[in-house]
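**Student:** Kindly generate the corresponding structure for this input.
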Amino acid sequence: MAKGRKKSSSEFFEERLSFFFKNGASLRKICPDCVDEYNDHSVKKLISITYWLGIFCPIVNRNFREKRGWKIAYVDSMAGSGVTSTKKGNYFCGSCPGAVLHSSDIGYPFDSIYAAEIINEKADALEQRVSTIIDASKLNVYPNDIKDVSNTIANELENNTISFVVIDPEAFDGMTWTGISPLLSCKGDAMITWFESEAWRVKQAAVSNKHIGAEGLKKRFNELFGNETWMDARSPTELTDLFTKRIIEECGKTCESRVKIIKTDGGYYLMILFPGNFPNAQKLANDWKSYLENYFSSPQCREISKLLDVIAGRTKSITDFM
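**Tutor:** Below is the predicted model of the structure:
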């Protein structure tokens, strides 16, 4: 984490949003018609990922790269095209190029990048875009569903490599234990986008005698949770607790911490961080949560759409709407 005076919310968002906008505009020039379409709140997810990189990269560089000669890898299991478009026509760089650029900006570049994207056109665009910012020999893009290549990627990371894995499905549908567990078991840290309320709705349908697809949903949940304990969950939070408990117990993670991302429609999803086994893991994960919650609860962030207007040049300054 950067030392010195803590940035004000205005300074924080101006810096972070400028980073994503500037690089998004540059990368969009490559394959300009191929983008991912999300809402304004998606930029908070990208901030969550890159903010942890500021903590993760210095630690693993000092303890693994310098002391042991290990390599540092970034893995994006559902990477998209590398450029995101909002409904207002704003463009910002996606998680994969954002992580690559930010790690270089803070002086700890990754030694290798692994990304999976099931849509061929988006996988090709991602490869072309990221190849302009790093040596192409470091980049591995798989035009496949993550469940088909997770073991392949995990095997590549076995030998003296510490990794930061991002699992970011567009919705709960992309979450299967077969797809995510090999990557979660790699040495290093992981972050998952978890659609808690959607998972809860699916859970309720799975235990409903009236739902025509209940048996199929039960099989899916048994695969994801490992047994039928999910059926006894009494709230969305309890369901999430069962999910994180399995990851910690079976994938060698130390702990977990969660940040709630409030959507513009009033819903939410969680960014769940799973640090690997290193000293002060829980404290650092709690710091990540505390700092982000502070920024995300600020008046500036509650007006995230207007913040994006500022960076896009449609409003003069952040203070114009304070």
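
**Student:** how about the strands of the chain, start to end?
**Tutor:** 36-37, 71-76, 83-85, 91-93, 112-116, 139-142, 161-167, 188-194, 257-262, 268-274 (DSSP state E).

**Student:** can you tell which of the ones you listed is closest to Ser298?
**Tutor:** Ser298 lies closest to strand 257-262 among the strands of the chain, at 12.3 Å (CB to CB). Quick note: C-beta positions are derived from backbone N, CA and C, even for glycine.

**Student:** List the contacts of Lys203.
**Tutor:** Contact analysis of Lys203 by CB atoms under 8 Å, 6 or more residues apart in numbering lists Phe221, Trp230, Met231, Ala233, Leu239.

**Student:** Point to the helix or strand of this structure where mean pLDDT is at its lowest.
**Tutor:** Least confident helix or strand of the chain, by mean pLDDT, DSSP states H and E, is helix 304-312 with a mean of 75.

**Student:** what packs against that helix?
**Tutor:** Packing partners of helix 304-312 (3 or more CB pairs under 8 Å, 6 or more residues apart in numbering; DSSP states H and E): helix 9-28, helix 42-60.

**Student:** Next, the angle from that helix to helix 42-60.
**Tutor:** Orientation check (axes from the mean of the first three to the mean of the last three CA atoms, to 10 degrees): helix 304-312 against helix 42-60 gives 70 degrees.

**Student:** next one: helix 304-312 to chain centre, how far?
**Tutor:** Counting by CA atoms, centre = their mean, to the nearest Å, helix 304-312 is centred 22 Å from the centre of its parent chain.

**Student:** quick revisit: would you single out the least confident of the helices and strands packed on helix 304-312?
**Tutor:** Among the helices and strands packed on helix 304-312, helix 9-28 carries the lowest mean pLDDT, a mean of 91.

**Student:** so how far is Glu66 from the residue nearest the centre of the chain?
**Tutor:** Compute the mean C-alpha point of the chain, and by CA atoms, centre = their mean the closest residue is Val166, 4.6 Å away. Noted for Val166: a distance of 24 Å to Glu66, by CB to CB, to the nearest Å.

**Student:** returning to what we had before: and the residue nearest to the centre of the chain, what is it in contact with?
**Tutor:** Ile49, Tyr74, Val75, Asp76, Ser77, Ser95, Ala99, Ala190, Met191.

**Student:** Find me the pLDDT at it, would you?
**Tutor:** So, for Val166, pLDDT stands at 98.

**Student:** what about Trp52, neighbour count?
**Tutor:** Using other CB atoms under 10 Å, Trp52 is surrounded by 25 other residues.

**Student:** close enough to count as contact, it and Ala190?
**Tutor:** No. Contact criterion CB atoms under 8 Å: Trp52 and Ala190 do not qualify, at 10.2 Å.

**Student:** so Ser77 makes contact with Asp145?
**Tutor:** No. If you go by CB under 8 Å, Ser77 and Asp145 don't touch, sitting 9.8 Å apart.

**Student:** Neighbour count: the two, which is higher?
**Tutor:** Neighbour count, other CB under 10 Å: between Ser77 and Asp145, Ser77 has more, with 28 against 16.

**Student:** Now for the closest residue to that one other than its chain neighbours: which residues touch it?
**Tutor:** Closest residue to Ser77 apart from its sequence neighbours, by CB to CB, 6 or more residues apart in numbering: Ile146 at 4.4 Å. Taking CB under 8 Å, 6+ apart, we find Ile146 in contact with Ser77, Met78, Ala116, Ile118, Ile167, Gly174, Gly179, Ile180, Leu183.

**Student:** which of those sit farthest apart?
**Tutor:** Ile118 and Leu183 (15.3 Å).

**Student:** So which of the two has more stuff around it?
**Tutor:** Shown here are Ile118 and Leu183; by other CB under 10 Å, Leu183 has more neighbours (25 against 18).

**Student:** Could you count how many residues lie near the closest residue in space to Thr229 that isn't next to it in sequence?
**Tutor:** When the adjacent residues along the chain are set aside, Thr229 lies closest to Leu242, with 5.9 Å between them (CB to CB, 6+ apart). Residues contacting Leu242 under the criterion other CB under 10 Å number 18.
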